[in-house]
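> Return a 3D structure for these sequence lines:
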Amino acid sequence: MRVQPDGTYPHGNAAQAGPNAAQTQQYSQGTAAPVQPYQAPDGSQAQPYPGPLHAPDGAPAQPYQAAAPQQFQAPDGTWSQAPNGAPVQPFHAPDGAPHSGLAQPHHAPNNVAPQHVAPQYQQPAYGQPGWGNPGYQPPSLDNVPVKRVKKAPGSGWRKAVHHVSGGAINPGMSAEERRLQELVARIRQPVRGDYRIAVLSLKGGVGKTTTTTGLGSIFASIRGDRVIAVDANPDFGTLSQRVAIQTRSTVRDLLLDPAIERYSDVRRHTSQSSSRLEVLASERDPAASESFNDEEYRAVARILQRFYNIILTDCGTGLMHSAMNGVLDLAHSLVLISSAAIDGARSAAATLDWLSLHGHDHLVRNAVVVINLPREGSPNVGVQQLREYFLSRCRAVHIIPFDEHLSEGAEIDLHRLHKSTKRAYVELAATVADEFGAEHNRYR
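From the prediction side, this is the model:
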């Protein structure tokens with residue numbers, strides 16, 4: 001039977017359409033047709049199905065409607081028929097648009113259960129490693145083994161063995177050297193902006209200026225950024241005497257300089273030690289230094305925080321002078337100095353009480369207490385009991401042993417410190433640096 005150009009069959013009478021035309025018309029109109037008996041190839045007829053089919057809800061099932069045969073378009077533009085020779089209908093898309101001649105995705109009828117589709121894997125190319133393995137994972141550089149060379153020891157018999165063997169025998173670093181590396185890593189933590197440390201004590205002569213210089217020297221020698229110590233003592237501070245004096249400029253000269261635009265402009269007013277610690281000296285005239293007030297200290301801090309990462313302030317022995325208000329308001333951390341004596345410990349405890357009562361309790365909780373031993377040998381008071389008392393109120397306590405080089409009261413050179421003294425300052429700096437990564441948005 002030929003197909004019309006519009007994709008339909010030619011109409012005719014039932015005789016021309018064949019003996020099953022009437023039944024086909026019934027199916028096309030959606031009416032139920034009687035069940036026809038099955039005729040086997042030998043001519044015998046099978047018994048019909050005993051009863052009509054029913055849907056699960058009891059309603060009579062609709063007769064099956066055969067799907068329309070699909071029509072295929074060859075590359076030359078001609079239309080082909082189904083393999084059984086039956087005429088094929090032109091394919092129309094679900095939206096009614098005619099078939100474009102391209103392969104269309106097959107959609108199963110709504111009453112047909114979906115079939116399981118196996119997961120697809122991105123297979124390697126033929127001949128490549130993992131070809132044909134569905135669960136193959138591509139290689140990664142993270143899985144490449146690396147045999148790291150042990151660091152050479154820096155002291156003791158380990159260093160001697162490594163040196164004598166020409167590096168063939170490397171015992172590695174000792175536990176003490178590994179501990180020192182951990183402390184150095186803590187000191188080198190990055191700083192969020194600038195970090196301001198206030199070093200103070202109510203009692204004089206307990207090593208406040210010495211601690212400021214020692215702590216700042218450790219920071220400057222181990223870290224690669226800029227560290228400065230400011231002398232805010234209104235009573236003729238001696239911080240500048242602990243480094244080689246390179247300029248006679250003071251905080252007053254820095255404030256009066258109208259051309260502070262870059263780091264070199266500030267560097268003109270500071271002196272630098274062998275450890276790279278810079279010091280900004282206080283006014284040397286005691287009468288004039290009294291005018292160094294809160295507003296002026298804040299102005300100095302605004303200049304320094306543009307060019308320095310760590311700013312230490314060597315405060316005076318009093319808490320009531322004007323500059324102390326700015327020092328405490330701007331400080332991120334507090335280092336409180338005490339001596340290994342009852343009067344020095346009581347002065348430090350009174351300082352903590354005053355700070356708590358005047359709105360600086362956050363500095364008290366995060367404070368680091370330093371107990372300086374005044375002489376060699378065992379002190380006359382129980383240092384361990386002093387340590388336990390301050391630990392109950394502050395974050396940490398460090399004990400700095402007596403050192404002959406520090407007792408000179410002159411310029412401080414880290415290379416001349418005793419090994420135990422230098423190690424004590426390194427541990428102190430690591431404890432202070434633990435707060436470098438904390439949020440300090442509350443303080444400006």
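
> Do a quick rundown of the helices in the stretch 251-400 of the chain.
251-256, 263-267, 286-289, 294-304, 322-330, 342-357, 361-365, 383-391 (DSSP state H, counting those that start in this stretch).

> Go through the ones you listed and name the closest to D225.
helix 263-267 (11.5 Å; Cβ to Cβ). All C-beta atoms are positioned from the backbone trio N, CA, C, and that covers glycine.

> Pull the residues that contact that closest one.
When contacts are defined by Cβ atoms under 8 Å, 6 or more residues apart in numbering, helix 263-267 is touched by residues 226, 254, 257, 259-260, 278, 303-304, 307.

> ok, of those, which come out buried?
Buried members of those, scored by 16 or more other Cβ atoms under 10 Å, are 226, 254, 260, 278, 303-304, 307.

> where does the protein have its least confident helix or strand?
helix 14-17 (a mean of 43; mean pLDDT, DSSP states H and E).

> How many residues are close by the closest residue to N293 other than its chain neighbours?
Spatial nearest neighbour of N293, chain neighbours left out: S322 (3.9 Å); criterion: Cβ to Cβ, 6 or more residues apart in numbering. The number of residues packed near S322 is 15, by other Cβ atoms under 10 Å.

> quick one: contacts for S322?
Contact analysis of S322 by Cβ under 8 Å, 6+ apart lists 292-294.

> Quick check on these: which are buried?
F292.

> Lowest pLDDT pick from the contacts of S322?
Comparing pLDDT over the contacts of S322, the lowest score belongs to F292 (73).

> Quick check, that one in contact with S282.
Yes - between F292 and S282 there is a contact at 7.1 Å, judged by Cβ atoms under 8 Å.

> okay, and the common contacts of the two?
232, 234, 251.

> ok, so of these, who is nearest C315?
A232 (5.5 Å).

> Am I right that the closest one is in contact with G318?
No - A232 lies out of contact with G318 (Cβ under 8 Å); the separation is 11.2 Å.

> of these two, who's got more company?
For A232 and G318, the more surrounded residue by other Cβ under 10 Å is A232, and the numbers stand at 28 against 14.

> With distance to K208 and pLDDT as added columns, please give the contacts of helix 263-267 in JSON lines.
Converted to JSON lines, these look like this (distance: Cβ to Cβ, whole Å; pLDDT from 0 to 100):
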{"residue": "R226", "distance to K208": "23", "pLDDT": "95"}
{"residue": "L254", "distance to K208": "22", "pLDDT": "94"}
{"residue": "D257", "distance to K208": "28", "pLDDT": "92"}
{"residue": "A259", "distance to K208": "33", "pLDDT": "90"}
{"residue": "I260", "distance to K208": "28", "pLDDT": "93"}
{"residue": "E278", "distance to K208": "19", "pLDDT": "96"}
{"residue": "I303", "distance to K208": "24", "pLDDT": "95"}
{"residue": "L304", "distance to K208": "20", "pLDDT": "96"}
{"residue": "F307", "distance to K208": "25", "pLDDT": "95"}
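
> Count the neighbours of R262 for me.
Neighbourhood size, R262 [other Cβ under 10 Å]: 10.

> Find the residue closest to it in space, skipping its chain neighbours.
F307 (7.9 Å).

> need the contact list for that neighbour.
By Cβ under 8 Å, 6+ apart, the residues touching F307 are 226, 262-263, 266.

> separation between it and K422?
Separation of F307 from K422 (Cβ to Cβ, to the nearest Å): 28 Å.

> average pLDDT for stretch 311-323?
Mean predicted confidence for stretch 311-323 is 85.

> end-to-end on it?
16 Å (Cα to Cα, to the nearest Å).

> Show me where the stretch 1-150 of the chain dips below the pLDDT cut-off.
By pLDDT under 70, the low-scoring segments of the stretch 1-150 of the chain are 1-136.

> now, which of the contacts of S322 sits nearest I245?
When the contacts of S322 are compared against I245 (criterion: Cβ to Cβ), the nearest one is F292, at 19.6 Å.

> Quick check: bridge partners of V279?
A229, S271 (DSSP bridges).

> confidence score at it?
If you check V279, the pLDDT there is 96.

> Kindly provide the distance from it to G205.
Counting by Cβ to Cβ, the gap from V279 to G205 is 20 Å.

> Which one's more surrounded, these two?
The residue with more neighbours, out of V279 and G205, is V279; 27 against 11, by other Cβ under 10 Å.

> wait, doesn't that one sit right on T250?
No - between V279 and T250 there is no contact under Cβ under 8 Å: 10.6 Å.

> Would you reformat the contacts of helix 263-267 as a markdown table and include distance to S356?
Putting the contacts of helix 263-267 into a markdown table (distance: Cβ to Cβ, whole Å) gives the following:
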| residue | distance to S356 |
| --- | --- |
| R226 | 33 |
| L254 | 33 |
| D257 | 38 |
| A259 | 43 |
| I260 | 37 |
| E278 | 33 |
| I303 | 31 |
| L304 | 28 |
| F307 | 33 |
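
> Identify, from these, the entry nearest to Q272.
E278 (5.0 Å).

> Please name the residues that touch the closest one.
Counted by Cβ under 8 Å, 6+ apart, E278 has contacts 220, 226-229, 267, 270-272, 308.

> how about a cut-off of 7 Å?
Contacts for E278 (Cβ atoms under 7 Å, 6 or more residues apart in numbering) come out as 227-228, 270-272.

> With T270 instead?
With Cβ under 7 Å, 6+ apart, T270 has these contacts: 228, 247, 278-280.

> try 6 Å this time
By Cβ atoms under 6 Å, 6 or more residues apart in numbering, the contact list for T270 reads 278, 280.

> Give me the pLDDT for it.
For T270, the pLDDT comes out at 95.

> Give me the distance between it and L428.
Distance from T270 to L428, by Cβ to Cβ: 23 Å.

> And for G382?
21 Å.

> who's more crowded, the two?
L428 (23 against 11).

> is it true that the more buried one touches H398?
Yes - contact criterion Cβ atoms under 6 Å: L428 and H398 qualify, at 4.6 Å.

> Overlap of the contact sets of the two?
Residues touching both L428 and H398 (Cβ under 6 Å, 6+ apart): there are none.

> Tell me which residues are up against stretch 324-332.
Contacts for stretch 324-332 (Cβ under 6 Å, 6+ apart): 195-196, 198, 232, 294, 297-298, 301, 313, 315, 360, 440.

> Looking at the residues you listed, which one is closest to D343?
C315 (19.2 Å).

> can you tell me how far Q189 sits from Y195?
From Q189 to Y195 the distance is 10 Å (Cβ to Cβ).

> Give me the common contacts of those two.
Joint contacts of Q189 and Y195 (Cβ under 6 Å, 6+ apart) are F436.

> out of the two, which sits in the more crowded spot?
Y195 (24 against 15).

> which SS state does V199 fall under?
Under DSSP: H, G, I helix; E, B strand; the rest coil, the three-state class of V199 is strand.

> per-residue confidence for it?
Looking at V199, its pLDDT is 95.
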